[in-house]
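>>> Sequence isn't available, so here's the structure alone:
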């Protein structure tokens, strides 16, 4: 994708690519088993699903599609849709992202405590560059509106990739405005701080490392599937 010089005050749309490992489904969903007759239909919750029935044989009681691939850790749609660009991204930025993640964890060990254990839930111990974070988000020519990332596990790291004027990163609660240049990165509590960008002129992109908060639940008991006879 070729990025063009942009004036974000006249165009706020931007492209975001999410290369992530998710572990946020399989909780509090009603199921029935295809092995049970209609007269014996049982409505159950993900946390107390029958242990002797394979999860792939369970179906939602509502008239909705059952996506069994989302019962456990799975890759994001963008990771499946763009495997080659993701592979090239890993090759090009692996050392840089590992350095950024390592430096941040060293400086803020208490804030990001527990993330290292969550990355081990990924199948075959695969992971994105920048362990122990499980997600990379690429924002292309972006100026975000004010928001909090409620699904983040505590916080995130933002790496600026830009050639522009403006585009400062702002935090509402602490009343901070950060003038960030190409190659600068910052870690902050994205769940707590309302953050946004000022308008910019030029090319402004960012790379974000983060983990979803649902990984903590999955690490604890597999979102309720840990006792199933067919789950290792």
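Okay, I see it. This structure is a prediction, so every number in the text was calculated from the model and none was measured.
>>> for this protein, what's the longest strand?
For the chain, the strand with the greatest residue count under DSSP state E is strand 152-166.
>>> Low-confidence regions, this protein specifically.
1, 24-48, 60-64, 116-127, 232 (pLDDT under 70).
>>> ok, 50 please
26-28, 37-45 (pLDDT under 50).
>>> Bridged to the residue sitting nearest the centre point of the chain, which residues?
Residue closest to the mean C-alpha point of the chain, counted by C-alpha atoms, centre = their mean, is residue 135 at 4.4 Å. Taking DSSP bridges as the rule, residue 135 bridges to residue 20, residue 210.
>>> ok, which stretches of the chain are strands?
Using DSSP E, strands in the chain cover 6-7, 15-22, 31-33, 58-60, 74-75, 135-140, 152-166, 169-171, 176-178, 185-188, 195-197, 200-212.
>>> Show residues contacting the fifth one.
Right, strand 74-75. 20, 21, 22, 23 (C-beta atoms under 8 Å, 6 or more residues apart in numbering). Quick note: C-beta positions are derived from backbone N, CA and C, even for glycine.
>>> how does it look with 6 Å?
residue 22 (C-beta atoms under 6 Å, 6 or more residues apart in numbering).
>>> Tell me where this structure has helices.
Here the chain has its helices, by DSSP state H, at 77-81, 83-107, 115-118, 214-221.
>>> Pull out the buried positions in the last one.
Neighbour-count burial for helix 214-221, counted by 16 or more other C-beta atoms under 10 Å, picks out 214, 215, 216, 217, 218, 219.
>>> re earlier: can you put the helices of the chain in a markdown table and add distance to residue 3?
Below are these laid out as a markdown table (distance: least, C-beta to C-beta, whole Å):
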| stretch | distance to residue 3 |
| --- | --- |
| helix 77-81 | 17 |
| helix 83-107 | 14 |
| helix 115-118 | 31 |
| helix 214-221 | 32 |
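>>> Residue 58 is nearest to which of those helices?
Residue 58 sits nearest to helix 214-221 of all the helices of the chain, at 17.2 Å, using C-beta to C-beta.
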